[in-house]
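>>> Need coordinates for the below:
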Amino acid sequence: MLRRLLLTAALLMPIAAHAAEPVHGIAIYGEPKYQAGFTHFDYVNPDAPKGGTIRLSAIGTFDSLNPFIVKGVPAAEVGLIYQTLLTGASDETFTQYGLLAQTIEVPDDRSAATFNLRPEAKWSDGKQVTADDVVWSFQTLTKKGAPFYAAYYADVEKVTAETPARVTFKFKHGGNRELPLIVGQIPILPKHYWETKGHDFSATSLVPPVGSGPYTIGKIDTGRSITYTRVKDWWGANLPVNKGRYNFDTISVDYYRDATVAVEAFFANRYDIRQENVAKIWATGYDAPAVKDGRIVKKEIENGLPAGMQGFVMNTRKPVFADRAVRKALQYAFDFEWANKALAHSAYKRTASYFENSIYAARRLPTGRELEILQQFKNQLPPEVFTTEYKNPATNGSGDARDNLREAMKILDAAGYVVGTDGVRAKNGVRLSFEIVDNQPEFERWVLPFVLNLKRIGIEASFRVIDASQYVARMNDFDFDMTIAGFGQSLSPGNEQREYWGSAKADAPGSRNIIGIKNPAIDKLTEMVANAKSKDDLLATIKALDRVLLWNYYVVPQWHTNVWKVAYWDHFERPQTQAPYDLGITDTWWVKPAATTGKK
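A predicted model of the protein is given here:
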């Protein structure tokens, strides 16, 4: 009898009353790959020598050292000066391990997360990292930072510093399996620094801030170059998550006007390593003497990264793109097969999913749990979601796209868009005329054939290249018609989907919902993704979301690849085991002991 009463009492107790065990790491589903007591990640060389310099490049300019706000263009690699409560490994899906936090405590219902800070964690000015810093960082980022933070952490109810070394995040709802992990990813900032007179978090600044990371900011040549210097006695150097990492004494970044100038500078030995994103340059532009004689190593390294979606992105706030029929017709004007062969030496694959190159990409027709999910919104969805497998319009690659263009004209005719005396279609005062903007001139050769095909179906388009600062400002204000953009995806998509596609962010300047999507079904699906209870449920819900996004034709999909194309001057070594989800140049490579960077 006593045993039965005790059991009943235990069942009636609130779940939160059960103390959660402190653990070294946490996985969204299952157990972490690296168990307690591990010494280093498998993809690093724990004995990698420290020292030397690596010289990197960037395109455009910068005018800020604050990457957390909408204003300004932050310097490349500035994240090296900051740390987070938790960090992930680059060879497993979404799992987080203690970084600033020594341990994490999460109850079974995932209604909260408590972080116990490391006593050795210090700011670069020598002060202790405290729970007050964590609380201040969360409050500041969600109130004054880029809109992404408020959206990403919308389910956090409050953050409390229980002691100087212990902080708890309480969530509005239990069951969000991702939330304890992603609150661990919040960049932790020094409260004492930002509350000092003269340090305005909401303003751009080139004054080097205090950080807790492996590097501090060294020399700055505004808009032209920046140097980071390794902290020799860094508090986190010997943690298992950091062993064998951050091996360069100095990391410098030089800025170049455009990719053409940057390529020339690379072969002139002005910087050390280049990840090539232009297939034509990779195929034909690396015949320099230094490549031929081995001074430059040229490699293609396979990866397992989700490709996400890159495409011609339409701003649906603009009347010209408000009609789904128009957006559908545009799909037929992009001749990928010809462009890939003629412009990229057939190096790319056509993207057909917002979660391309991952298990979450929707293929064939929906079945099982995925179909059940979609049936809930049947009256709000395009009928093709249930009847037709999504496929991009294709050509034979000859350059003759007449069949596709005829199909586009049929769609526009049926939707009531009539060609005017100026050759441009219009309906109810809406002319099918728009501008494509980007900050990378090398895209012009891809865009102009697209523009020509659009003209043939009665759509007027132009292409304009603007500088990086102007481009960022216009994207933040949604001041564009069409642009070329990408929506990257993680190994375990979750809360960030609301920021990409959610109605609540469609009118928030600086949000990632640059398309301007306001769709009740998509809103519900993003909530279901964030609150998925199992991996199978997450998989089905993301596939359902993918289909709805695809069949609404918000973008004209472009291309992707599953290899890193990298060339580097032969001054470096890298681990024998390559992580599938991160190339790890500044993270895991090191200078050859006998080499002097920049000389041969």
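>>> Wasn't residue 544 part of a helix?
Yes - counting by DSSP: H, G, I helix; E, B strand; the rest coil, residue 544 is part of a helix.
>>> residues in contact with it?
Going by Cβ atoms under 8 Å, 6 or more residues apart in numbering, residue 544 touches 362, 366, 370, 373, 374, 525. Every residue, glycine included, has its C-beta placed from N, CA and C.
>>> from those, which is closest to residue 519?
residue 525 (9.0 Å; Cβ to Cβ).
>>> Please state the backbone phi and psi of that closest one?
Main-chain dihedrals, residue 525, degrees, to the nearest 10: phi -70, psi -40.
>>> surely it meets residue 546?
No - using Cβ atoms under 8 Å, residue 525 is not in contact with residue 546, being 9.5 Å away.
>>> Wait, a strand at residue 299?
Yes - counting by three-state DSSP, residue 299 is located in a strand.
>>> if I look at it, how far off is residue 353?
27 Å (Cβ to Cβ, to the nearest Å).
>>> With neighbour numbers in mind, choose between the two.
Neighbours were counted for residue 299 and for residue 353 using other Cβ atoms under 10 Å; residue 353 has more, 25 against 11.
>>> State the distance from the residue most central in space within the chain to residue 133.
Per Cα atoms, centre = their mean, the C-alpha nearest to the average position across the chain is that of residue 488, at 4.3 Å. Distance, residue 488 to residue 133, using Cβ to Cβ: 28 Å.
>>> now do residue 497
29 Å.
>>> Then residue 54?
30 Å.
>>> How about residue 321?
Using Cβ to Cβ, residue 321 is found at 44 Å from residue 133.
>>> got it, and residue 290?
47 Å.
>>> show me where the stretch 101-250 of the chain has helices.
131-144, 147-152, 179-183, 191-194 (DSSP state H, counting those that start in this stretch).
>>> Can you name every helix or strand that the second one contacts?
Translated: helix 147-152. Contacts defined by 3 or more Cβ pairs under 8 Å, 6 or more residues apart in numbering; DSSP states H and E place helix 147-152 against helix 131-144, helix 496-501.
>>> mind running it again at 10 Å?
For helix 147-152, the packing partners by 3 or more Cβ pairs under 10 Å, 6 or more residues apart in numbering; DSSP states H and E come out as helix 131-144, helix 179-183, helix 496-501.
>>> follow-up on the earlier one: now that you've got the contacts of residue 544, can you turn the buried subset into something I can paste into PyMOL?
Of the contacts of residue 544, the buried ones can be selected in PyMOL as follows, counting by 16 or more other Cβ atoms under 10 Å:
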select buried, resi 362+366+370+373+374+525
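>>> Now pLDDT, distance to residue 137 and secondary structure too, for the contacts of residue 544, in JSON lines please.
Below are those laid out as JSON lines (pLDDT from 0 to 100; distance: Cβ to Cβ, whole Å; DSSP: H, G, I helix; E, B strand; the rest coil):
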{"residue": "362", "pLDDT": "96", "distance to residue 137": "37", "secondary structure": "coil"}
{"residue": "366", "pLDDT": "97", "distance to residue 137": "41", "secondary structure": "coil"}
{"residue": "370", "pLDDT": "97", "distance to residue 137": "38", "secondary structure": "helix"}
{"residue": "373", "pLDDT": "97", "distance to residue 137": "36", "secondary structure": "helix"}
{"residue": "374", "pLDDT": "98", "distance to residue 137": "39", "secondary structure": "helix"}
{"residue": "525", "pLDDT": "97", "distance to residue 137": "30", "secondary structure": "helix"}
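>>> Report how many residues lie close to the closest residue in space to residue 570 that isn't next to it in sequence.
Leaving out its chain neighbours, the residue that sits closest to residue 570 by Cβ to Cβ, 6 or more residues apart in numbering is residue 297, at 5.3 Å. Other residues near residue 297 number 15, with proximity taken as other Cβ under 10 Å.
>>> Residue 177 too?
24.
>>> For the nearest residue to it once chain neighbours are set aside, grab the count of nearby residues.
Nearest residue to residue 177, sequence neighbours excluded (Cβ to Cβ, 6+ apart): residue 28, at 5.2 Å. Applying other Cβ under 10 Å, we find 21 residues neighbouring residue 28.
>>> Show the model's pLDDT score for residue 28.
pLDDT recorded at residue 28 is 89.
>>> For it, give its distance to residue 512.
To residue 512, residue 28 is 21 Å away according to Cβ to Cβ.
>>> ok, now residue 79?
18 Å.
>>> Same check on residue 193?
Residue 193 is 28 Å from residue 512, by Cβ to Cβ.
>>> Between those two, which is the more surrounded one?
residue 512 (23 against 17).
>>> excluding its backbone neighbours, what's nearest the more buried one?
residue 499 (4.7 Å).
>>> Report how many residues lie close to the one you found.
Here the count is done by other Cβ under 10 Å, and residue 499 has 22 residues near it.
>>> residues in contact with it?
Residues near residue 499 by Cβ atoms under 10 Å, 6 or more residues apart in numbering: 146-152, 154, 505, 508, 511-513, 526.
>>> Give me the buried entries from these.
146-152, 154, 505, 508, 511-513, 526.
>>> tell me which of those residues is nearest to residue 106?
Using Cβ to Cβ, residue 152 is the member of the buried ones among the contacts of residue 499 that lies nearest residue 106, at 18.1 Å.
>>> Kindly list the main-chain dihedrals of the residue nearest to the closest one when sequence neighbours are not counted?
Of all residues not flanking residue 152 in the chain, residue 495 sits nearest, at 5.4 Å (Cβ to Cβ, 6+ apart). Here is the backbone geometry of residue 495 (degrees, to the nearest 10): phi -60, psi -30.
>>> Model confidence score at residue 495, please.
83.
>>> so it touches residue 180, yeah?
No - using Cβ atoms under 10 Å, residue 495 is not in contact with residue 180, being 11.5 Å away.
>>> Among these two, which residue is more densely surrounded?
It is residue 180, of residue 495 and residue 180, that has more neighbours when counted by other Cβ under 10 Å, with 25 against 21.
>>> Okay, that one and residue 404: tell me how far apart.
Per Cβ to Cβ, residue 180 is found 48 Å from residue 404.
>>> How about residue 481?
22 Å.
>>> what do you get for residue 289?
Distance, residue 289 to residue 404, using Cβ to Cβ: 44 Å.
>>> Contacts only, for residue 189.
66, 68, 82, 123, 133-134, 136-138, 140-141, 145, 201, 209-212.
>>> rerun that using 8 Å as the cut-off
Taking Cβ under 8 Å, 6+ apart as the test, what residue 189 contacts is 68, 82, 133, 136, 137, 140, 141, 209.
>>> mind listing the strands for the stretch 451-600 of the chain?
460-465, 482-487, 555-557, 559-560, 563-569, 572-573, 590-591 (DSSP state E, counting those that start in this stretch).
>>> no no, the stretch 251-400 of the chain
273-275, 296-302, 309-314, 349-350.
>>> so the second one versus strand 563-569, what angle?
By that I understand strand 296-302. 160 degrees (axes from the mean of the first three to the mean of the last three Cα atoms, to 10 degrees).
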